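Colleague: Based on what follows, work out the 3D shape:
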Amino acid sequence: MKLLIVTADDFGLHPAVNRAVEQAAREGVLTTASLMVGAPAAADAVRRARDLPGLAVGLHLVLADGCSVLPPSRIPALVDAQGRFGNNMVRDGVRFFALPSVRRQLEAEIRAQFQAFADTGLVLDHVNAHKHFHLHPTLLEMLLRIGGEFSVPAVRLPREPAWAARRAGGSIAGPAMAGLLSPWLAIMRRRLRAARIAHNDQVFGLSDSGSMDEARLLEIIGRLPEGVTEIYLHPATESGAAIAASMRGYRHAEELAALLSPRVRAAIGASGAATGAFRLISTRPRPEPRPKSGEARHAA
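Modeller: Numbering: from 1, shown residues only. Below is the predicted model:
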């Protein structure tokens, strides 16, 4: 059995991202999107998602290189005065593990992001984290514990097949890095199974983050393995630093073109894979909408 989930990350980051997600869902092969609830264009993303019943939406937890939901006064150890997380994930990962005061703020922000998603009224399809920070054992423990309160149905397992990890570039790339991640992936898989939370078998997009063009998608689809595969991209109608300073080298518009490509659609059809969302592999009942928290979100 082959199930293919095609995801757009960073939904809500920028209006150009939101326009691309809507176009790729209506005209292309996109099946899911991961929403940044604290991002500048999150409200626009939610409005568009409500008009796209065929698009499943999940939560893209942001705990690095992005905007918080809680105001800086609530989480001063996590964000700057403008409410932005830093991008030194090694340093922050040590702090998350070692400092109880930081962990308390981290837990509050994770819960606030889950609640902000619940407040949209959208049905939660899945959860993942910006830059795959949920590989961190402390973050994963909080995600599973707090996510249990919000009936999380599925979580992305960022396990990329070795043959796809050969290309240098991207945030997590190369065979050496893939080897370093193997123990953490094994821990994550065990914890997800113990929590009875569904996950994909493999993912594509780590080694070529920001450069998932038509040729790359056709290569992946031509070698699509058995099981549940997620391919994630970062589509937008503009590219690079126009979307975010940290994405200077990203080819967002080429990734959108790949999602709209007739050749990619035909290749998926020829692969024999079913397409859909994480909800197709979840055994959990679809959650009822939760009441709104009544707490205003931090406007970044």
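
Colleague: what's the longest strand in this structure?
Modeller: strand 2-11 (DSSP state E).

Colleague: Strand partners (parallel or antiparallel) of that one?
Modeller: Using DSSP bridges, strand 2-11 pairs in its sheet with strand 32-35 (parallel), strand 227-233 (parallel), strand 274-275 (parallel).

Colleague: could you dump those to JSON lines with mean pLDDT, distance to His60 and mean neighbour count?
Modeller: All C-beta spots, glycine's among them, are computed from the backbone N, C-alpha and C. Listed next are these as JSON lines, based on pLDDT from 0 to 100; distance: least, C-beta to C-beta, whole Å; neighbours: other C-beta atoms under 10 Å:
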{"stretch": "strand 32-35", "mean pLDDT": "98", "distance to His60": "4", "mean neighbour count": "28"}
{"stretch": "strand 227-233", "mean pLDDT": "97", "distance to His60": "10", "mean neighbour count": "23"}
{"stretch": "strand 274-275", "mean pLDDT": "97", "distance to His60": "20", "mean neighbour count": "15"}
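
Colleague: For His126, find the nearest of those strands.
Modeller: Smallest distance to His126 across these (C-beta to C-beta): 6.9 Å, for strand 32-35.

Colleague: now what about the helix or strand just after the closest one, what contacts it?
Modeller: Once strand 32-35 ends, the next helix or strand along the chain (criterion: DSSP states H and E) is helix 42-50. The contact list for helix 42-50 (C-beta atoms under 8 Å, 6 or more residues apart in numbering) reads 11-12, 15, 17-18, 21-22, 33, 35-36, 39, 55, 57, 120-122.

Colleague: can you check stretch 257-268 too?
Modeller: In contact with stretch 257-268 (C-beta under 8 Å, 6+ apart) are residues 4, 6, 8, 20, 23-24, 27-30, 212-214, 216-218, 221-222, 233, 235, 275.

Colleague: Identify those among those residues that sit within helices.
Modeller: Mapping the contacts of stretch 257-268 onto helices (DSSP state H) picks out 20, 23-24, 27, 214, 216-218, 221-222.
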